[in-house]
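Chemist: Got a predicted model here, sequence first, then my questions.
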Amino acid sequence: MSGSVTLSGDSTSVAATTAALLFDAGVVPKEARGGVFVVEARNLHCDQYSNMALDHSNPRAALPSIKCRINSENKRRAQSGQAFGEGRAMAELLHKAKVEGGVDFSDCAIGGYCGVFAKSIKCTIDTKNDDIGCGRRWRCMFDNGRDD
């Protein structure tokens, strides 16, 4: 599924959690206009490998490994860009964005490999809105960069 989806919400939403992960990863917010800030990560790529074939006595058995980078190429084992330490959490949020908005960010292949890619994750935070529970303070646009 190609395209982008925009999600809004309160402090427990996908949008707010995504903005928090970007802040935690060191992505610097920029003020767009009085009291509205934008935080954006471009070219987030993750390599996810299944450990299903491992011996059950291995502590990693059945737990997939995931490594993510921002400002990266969308290719397997890419080393460009900066490491993104919260890759598992971001991959789960991208899955929730797929469920809520119908845009897919993963491409899985035979052999236990999945690539996860978002061309852009751009969140706006309206600090003028002091009603944190109203659902209009955070808004994130997720773009998978596909044209198909």
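Modeler: Nice, thanks for sending it over. Numbers count the residues shown, from 1 in each chain.
Chemist: Now the phi/psi pair for Asn71, please.
Modeler: Main-chain torsions, Asn71, degrees, to the nearest 10: phi 50, psi 40.
Chemist: Look at Phe84 and say how many residues are nearby.
Modeler: 24 (other C-beta atoms under 10 Å). In this view, the C-beta of every residue, glycine as well, is placed from N, C-alpha and C.
Chemist: Just give the nearest non-adjacent residue to it, would you?
Modeler: Using C-beta to C-beta, 6 or more residues apart in numbering and skipping the chain neighbours, the partner closest in space to Phe84 is Cys68 (4.1 Å).
Chemist: That neighbour bridge partners, please.
Modeler: Cys46, Phe84 (DSSP bridges).
Chemist: need the contact list for it.
Modeler: Leu44, His45, Cys46, Asp47, Ala83, Phe84, Glu86, Gly87, Met90, Ala91, Val116 (C-beta atoms under 8 Å, 6 or more residues apart in numbering).
Chemist: now the residue sitting nearest the centre point of the chain, what's its secondary structure?
Modeler: The residue lying closest to the centre of the chain (C-alpha atoms, centre = their mean) is Met90, at 3.9 Å. When classified by DSSP: H, G, I helix; E, B strand; the rest coil, Met90 comes out as helix.
Chemist: Please enumerate the helices of the chain.
Modeler: 14-24, 87-101 (DSSP state H).
Chemist: what's across from Leu138 in the sheet?
Modeler: Small correction: residue 138 is Trp, not Leu. Gly9, Ile125.
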